[in-house]
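> just a sequence and a predicted model for now, questions to come.
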Amino acid sequence: MLSICAFNGGFTTNVIPSEVKLMGTFRAMDETWRFKAHDLIRKQATELVHAMGAEIDIDILVGYPTLYNNEAVTANARKLAEDYMGIDNVVDTELRMGAEDFAFYSQVIPACFFRLGTGNKAKGITAGVHTPLFDVDERALEIGAGTMAYLATQF
């Protein structure tokens with residue numbers, strides 16, 4: 001997934017700027033594809049810019065790797081979480097392309113990354129992360145610490 005999130009350059013509507021800067025994020029679910037896509041982005045951007053008679057300076061930062069959840073570890077963690085919190089309190093989420101430090105671990109050891117719900121509709125805590133209204137039901141801290149301790153003692 002490629003998102004161009006910033007386009008900077010120019011200060012008026014009737015003058016072509018001498019320089020523009022595009023910034024964005026590229027995320028993938030596969031490391032091989034990610035690096036192939038980096039090459040394709042470089043190639044296509046360079047060819048397009050050169051075809052227009054301009055120059056390009058392209059810098060792609062590698063960033064965080066793909067996060068892999070090991071199937072066996074994840075299945076075991078899910079069962080233990082259900083034992084600890086109750087089956088109704090453990091749900092699957094959609095696949096996401098988040099950028100996480102934890103992904104580095106998952107490249108070298110069997111890992112399981114899970115999310116801890118921090119909202120509480122009854123208390124009006126419903127805003128998503130990275131929004132100005134984000135809040136946390138502090139009971140999630142107790143639940144998270146308890147879950148981690150239970151997983152650690154049962155694994």
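Alright, I've got the coordinates. Residues are numbered from 1 along each chain as shown.
> centroid-nearest residue for this protein?
Gly98 (0.8 Å; Cα atoms, centre = their mean).
> please name the nearest non-neighbouring residue to that residue.
Leu67 (7.4 Å; Cβ to Cβ, 6 or more residues apart in numbering). All C-beta atoms are positioned from the backbone trio N, CA, C, and that covers glycine.
> got a pLDDT number for that neighbour?
We have a pLDDT of 91 for Leu67.
> just Met29 next, same as before
Looking at Met29, its pLDDT stands at 89.
> neighbours of it, just the number please.
Met29: 13 surrounding residues under other Cβ atoms under 10 Å.
> that one: which element?
Counting by DSSP states H and E, no helix or strand carries Met29.
> again with the one 5 residues further on
Taking DSSP H and E as the criterion, Arg34 maps to helix 31-51.
> on that earlier part again, wouldn't the residue nearest to the centre of the chain be in contact with Met29 here?
No - using Cβ atoms under 8 Å, Gly98 is not in contact with Met29, being 11.4 Å away.
> follow-up on the earlier one: for the residue nearest to Gly98, list the residues it contacts.
Neighbouring residues of Leu67 by Cβ atoms under 8 Å, 6 or more residues apart in numbering: Gly98, Glu100, Phe102, Ala103, Ser106, Ala111, Phe113.
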